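Participant: Fold the following, please.
(chains A and B, ligands or ions: 2)
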Amino acid sequence: MDAIERFRQVVADPKAYARRWKERSGGPIIGTLCTYAPEELILAGGALAYRIVGGSGRTDRSDAHLQSYCCSLVRGALDDALASELDFLDGVIFPHTCDSIQRLSDIWRLNAETGFHLDVVLPVKLTTKSARVYMAAVLAEAKIRLATLLDRPITNADLERAIDTYNAIRTTMARLYALRRKGPGILSGSDMHTIVRASMTMDRSEFLEDLRPLVDSLEGQTGAKNRSGKRIFLSGGVCNLPDLFGVIEAAGGRVVGDDLCTGSRGLTGQIDTSEDPLTAITDRYMRRAICPAKHAGITRRGDELVHQAKACGAQGVIYLFLKFCDPHAFDLPYLKSMLDAAGLPSLLIELEEQTEGRGQLQTRCEAFIEML
Amino acid sequence: MPSDLKPVDAAKDRRKIKSVRRMKEIMTAYYIDAKTASDTGKKVAWITSGGPVEPLIAMDVIPVYPENHGAMIGAAKMGVDLCEKAEAMGYASDLCAYARADIACATEDGGPIGGLPRPDMLICCNNICGTVLKWYEVQARYFGVPLFILDTPFTHTEYSPAANQYVRAQLVEYLSFLETHCGKAFDRDRLTEVGRLSVAGQKLWQAVLHTTTHRPAPMSAFDAFFHLALIVTLRGTQTVVDYYTELLAEMETRVAEGISAVPEERFRLLWDNLPVWYRTRWLAEKFAGHGACLVADTYTSSWCGAMPYLDESDFLGSMAEAYSRIYINLGTDLMADMVVEMVSTYRADGLVIHSNRSCKPYSLGQYDIQRIVQERCGIPSLMIEADMTDARNFSESQIETRIDAFMEMLATGCSPRSRPFP
Ligand code: SF4
Ligand code: SF4
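Facilitator: Residues are numbered from 1 along each chain as shown, chains lettered A, B, ... in the order given. Ligands and ions are numbered 1, 2, ... in the order given. Coordinates of the predicted model:
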């Protein structure tokens, strides 16, 4: 079985993978809610970081705790937790993100049975020295707490090993992204999405072991499968609609890059191995691509988006927006005007999980891509 | 009909709070002052409702509150129009209505007072929500003025010393930000004095709110919503101290003379979340019609809730904790503890929860708070789905039916005496 096929199987049922991993390794699994979860610490503690990206589509159990004007990601995740679908977890880590995740953390702590609960209240502002000092303090404390909760020391050597693994994953993924940029036909959008999702689920060393040869072999065949199509950059938050990639491709588009939360965002930035490990991890968090719930200057996301889309040679940008997501909703108008000013046409797709029919989506994508 | 010929309802007249007039005068003068700032050479800072205003007062900067303005827009029933304009600009209709109204208003100087004066700087404290961060980013881009962010980490369970250090450091940064943008040195002695007045104002505000522990209550939460504006906007000035001294005296007189907010107070209720600005009168009358007085609320009490952390002798140092540990910056169960305490202090018979579509950090978690309060206090609760400023999210008939049913249940099944709570 080739690596892609293995990733597909993992992503088709990540919970089953997690259960098998646990049986096989006996290690603890920690659920995380966002790309700001300190994954390096989790790995250094000998645990598997399992990214929770929404739920299984139901909300009837979370409806008793969350109003309908909360995003489906938060409602779905809680629903899964309440339904014991995440019973393989030994704990959860909630990094501070948006207002909805902030409250989800409380509600989860009060109601779900998923082991220990750790809030990592990172700074929201990432521009100042004092924020950096605070970030370092929060991560240092998280390390101590995590060691206690996992009942094992987390040494600098453990951290260094974890950093090496993550650096290797991020560099290899960057190579993959570069390949796609050069020849978008090399990998379908949904396969790319699958690989990123696998990187948030699988045992990180095993993932890397599978990923490396895959990227090596793809590098060997650059150019061979260079299908034509309009070059599309995907922007936004979480994409929980793998179908979408098929839709874009069927409409004549080729995804050449993204800044998605379930995409490149968590994969940006290397950790400096010459520094003290915690300091180096802190530095990366201050530098990496930001989420709209954080502040790094008033046009940082817009600048990054335009820069990345241009660097990818994108002809258009498709923005994925999950209904009720406040941080993204506030950014939309200014991102659109910055894209307009840069001569990049954009299309907004509002994702309310399982609502917009494939047909309608297809029509809109086709109209947009045709116009490019 | 000329007003002097109107039939006079003596009892109703007696129940009117006389200080209202003075309050209106002060707020009018304040807005005139703010709107003429460019003529008088004063600087204007827009600041979030939970933000640290005292350093601005100490620097003679006029603080302006888009949220207070949002409330005025709501009360003037201009919220829907402005929200729709923001939606036409591309802002989703699920965003906070204050933010939407303000963003649209800034572009056309609309609203009840013809828009807010242009800011010279923006001060955003995220102790109330993450929304203000994004909203102030929008305004910083629009006006092209400097933005200061006071990042006050959320307390889920325990207050963190690291967070305290972080906020303390930022307060120092805040003062130098003001020095840079006001072009003068910060006067720390002046801040000590402003701090003293701020604490005095908060104490008085708390005392005013506390008068409703008396049965019957001399005022209701609906009155508190109105009189709140001063402690929010001009905290740290003598005006606030003087005004609340008067208001407190009036309330004490009302208690002594047996004047109540609601003609015949039979039920005492607690309100959770922001008011429904465009329907305060309707709601007040609706509840009063059932003999129910909303004696307290979690919203107006937020502007005196952090007093235990303020230290007059080290105002600047203690601001870090006081500005971080406010009601809405706490974990859901800590909020529930405070509601439980309020139920007991104000001897409430029921809880009315406004599930406010605009405000996720305040509203998400309410179902759990409702359950906890019910379990611990044994009092019933009513949830109303609405929005503070966007009237499109208010269904009068549905809400009316729910209030009637709730009040009927309180009157029959669940008499105040039968509940297990003291
Ligand atoms: S950032 Fe947006 S999508 Fe993510 S949890 Fe928050 S509201 Fe939902
Ligand atoms: S109403 Fe809620 S979301 Fe809006 S500014 Fe106030 S605290 Fe923030």
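Participant: tell me the mean pLDDT for stretch A:239-255?
Facilitator: Mean per-residue pLDDT for stretch A:239-255: 85.
Participant: CA atoms only for it, dumped as PDB, please.
Facilitator: Output in PDB follows, covering the C-alpha atoms of stretch A:239-255 (Å, rounded to 0.1, in the frame of the first residue of the first chain):
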ATOM      1  CA  CYS A 239     -12.100  23.300   5.800                       C
ATOM      2  CA  ASN A 240     -14.300  20.400   6.800                       C
ATOM      3  CA  LEU A 241     -15.500  19.700   3.300                       C
ATOM      4  CA  PRO A 242     -13.100  17.500   1.500                       C
ATOM      5  CA  ASP A 243     -15.600  17.400  -1.300                       C
ATOM      6  CA  LEU A 244     -14.800  21.000  -2.100                       C
ATOM      7  CA  PHE A 245     -11.500  20.100  -3.800                       C
ATOM      8  CA  GLY A 246     -13.200  17.800  -6.200                       C
ATOM      9  CA  VAL A 247     -15.600  20.600  -7.000                       C
ATOM     10  CA  ILE A 248     -12.900  23.100  -7.700                       C
ATOM     11  CA  GLU A 249     -11.000  20.700  -9.900                       C
ATOM     12  CA  ALA A 250     -14.100  19.700 -11.800                       C
ATOM     13  CA  ALA A 251     -14.700  23.400 -12.400                       C
ATOM     14  CA  GLY A 252     -11.300  23.700 -14.000                       C
ATOM     15  CA  GLY A 253      -9.300  25.100 -11.000                       C
ATOM     16  CA  ARG A 254      -6.000  23.800  -9.600                       C
ATOM     17  CA  VAL A 255      -5.200  24.600  -6.000                       C
END
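Participant: For it, give me every contacting residue.
Facilitator: A:53-54, A:72-73, A:180, A:184-185, A:188-190, A:192-194, A:227-234, A:260, A:262-263, A:316, A:318, A:320, A:322, A:349, A:351, A:353, A:358, A:361-362, A:365-366, A:368-370 (CB atoms under 8 Å, 6 or more residues apart in numbering or on different chains). Placement of C-beta: from N, CA and C, glycine included.
Participant: quick one, helices of the stretch 51-200 of chain A?
Facilitator: A:72-82, A:99-111, A:129-150, A:156-182, A:189-199 (DSSP state H, counting those that start in this stretch).
Participant: Look at the nearest residue to A:L78 once chain neighbours are set aside and say how many residues are nearby.
Facilitator: Excluding its sequence neighbours, the residue lying closest to A:L78 (CB to CB, 6 or more residues apart in numbering or on different chains) is A:S62, at 4.0 Å. Neighbours of A:S62 under the rule other CB atoms under 10 Å in any protein chain shown: 27.
Participant: What residues does A:S62 make contact with?
Facilitator: Counting by CB under 8 Å, 6+ apart, A:S62 touches A:G55, A:R75, A:G76, A:L78, A:D79, A:L82.
Participant: Let me know how buried residue 115 is, in neighbour terms.
Facilitator: Going with chain A. Neighbour tally, A:G115, other CB under 10 Å: 18.
Participant: Let me rephrase: I mean chain B.
Facilitator: Using other CB under 10 Å, B:G115 has 16 other residues around it.
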